[in-house]
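> Model the following, please.
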Amino acid sequence: MDTKIFRSMSYGVYAVTTMDGERPTGCIANSVMQITSSPATVAVSMNHDNYTNSCMEKCGVFAVSVLSENSDPGIIGTLGFSSGKDRDKFTEIGYEMAEGVPVVKDSCGYVVCRIINKMETSTHTVFLGEVIGTGTYAGAAPAMTYAYYHQVIKGKSPKNAPTYLQEEPETAKDGEKKLNRYVCQVCGYVYEGEELPEDYVCPVCGVGAEKFKKEE
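Numbering: from 1, shown residues only. Here you go, the predicted model:
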């Protein structure tokens with residue numbers, strides 16, 4: 001089965017946020033879609049292993065912030081590649097509160113939803129939310145698509161994401177010099193070059209060169 005066909009489907013890159021008691025929390029998702037227009041209803045797919053899943057269930061309200069092509073990639077690194085169970089992610093992210101939940105300010109805007117139903121699969125919960133609030137931020141770049149994230153930012157999907165695919169190393173074409181590949185052990189970003197600079201910083205999750213491992 002050639003799973004690469006799933007990359008031809010349309011996905012965005014979103015920050016899904018809610019409350020962990022009195023503390024903001026959230027993660028990155030790309031399986032978000034509008035189901036109906038009146039009343040406006042949104043569906044979000046969330047892995048059972050994501051801490052955000054149980055927090056959404058308890059809170060009953062969540063927000064979806066639409067990341068833009070100019071959104072700081074560190075937002076994806078912070079929300080997508082660490083658990084809110086272990087750290088307060090929002091000490092590093094600019095946010096404001098809307099309808100009682102956090103929304104990311106470095107984005108195109110947001111929708112806030114009240115959970116009205118859910119569907120369980122073997123690995124994910126699909127939450128249905130009725131929209132109770134929206135907002136936009138002026139001057140934002142176009143919304144980031146998963147294709148842009150994958151092709152331009154060179155980012156990877158977290159293993160809990162519905163669109164996660166196991167990457168196959170690329171081989172050099174005839175006559176081309178094979179470059180070394182250094183893989184970020186936090187987010188999976190791949191740097192290709194002869195040597196990894198000592199002061200290199202991962203453009204997705206912000207860790208230093210010491211967190212990169214040379215692919216053998």
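> Okay, helices next: where are they in this structure?
Applying DSSP state H to the chain gives helices spanning 51-59, 73-80, 146-151.
> least reliable of these going by mean pLDDT?
Lowest mean pLDDT of the helices of the chain: helix 146-151, a mean of 71.
> how close does the residue nearest the centre of the chain sit to residue 82?
By CA atoms, centre = their mean, the chain has its centre lying nearest to residue 28, at 2.6 Å. Separation of residue 28 from residue 82 (CB to CB, to the nearest Å) stands at 11 Å. Every residue, glycine included, has its C-beta placed from N, CA and C.
> what's the answer for residue 59, then?
Between residue 59 and residue 82 the distance is 20 Å, computed by CB to CB.
> Find the one among the helices of the chain with the highest mean neighbour count.
Most buried of these by mean neighbour count (mean count of other CB atoms under 10 Å) is helix 73-80; its value is a mean of 24.
> Is there a neighbour count for residue 183? I'd like the number.
18 (other CB atoms under 10 Å).
> that older thread, to residue 212, which of the helices of the chain lies closest?
Taking CB to CB, helix 73-80 is the member of the helices of the chain nearest to residue 212, at 13.7 Å.
> so residue 143 sits right up against residue 12, yeah?
Yes. Contact status for residue 143 versus residue 12: in contact at 5.9 Å, counting by CB atoms under 8 Å.
> out of the two, which sits in the more crowded spot?
Applying other CB under 10 Å to residue 143 and residue 12 shows that residue 12 carries more neighbours, namely 20 against 17.
> what sits opposite that one in the beta ladder?
Judged by DSSP bridges, the bridge partners of residue 12 are residue 145.
> Dump the helices of the chain to a markdown table, plus distance to residue 95.
Output for these, formatted as a markdown table (distance: least, CB to CB, whole Å):
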| stretch | distance to residue 95 |
| --- | --- |
| helix 51-59 | 15 |
| helix 73-80 | 10 |
| helix 146-151 | 20 |
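> And the ones you listed: which comes nearest residue 204?
Distance to residue 204, taken as CB to CB, is lowest for helix 73-80 among those, at 4.9 Å.
> re earlier: mind checking pLDDT for the residue nearest to the centre of the chain?
92.
> Touching, it and residue 12? I think so.
No. Residue 28 sits out of contact with residue 12 when judged by CB under 8 Å, with a separation of 10.6 Å.
> Skipping adjacent residues, who's closest to residue 104 in space?
Spatial nearest neighbour of residue 104, chain neighbours left out: residue 65 (3.9 Å); criterion: CB to CB, 6 or more residues apart in numbering.
> And the one you found, how close does it get to residue 189?
Distance, residue 65 to residue 189, by CB to CB: 22 Å.
> again, but for residue 2
Taking CB to CB, one finds residue 2 at 24 Å from residue 189.
> Can you tell me the closest non-neighbouring residue to the residue nearest to the centre of the chain?
residue 80 (3.5 Å).
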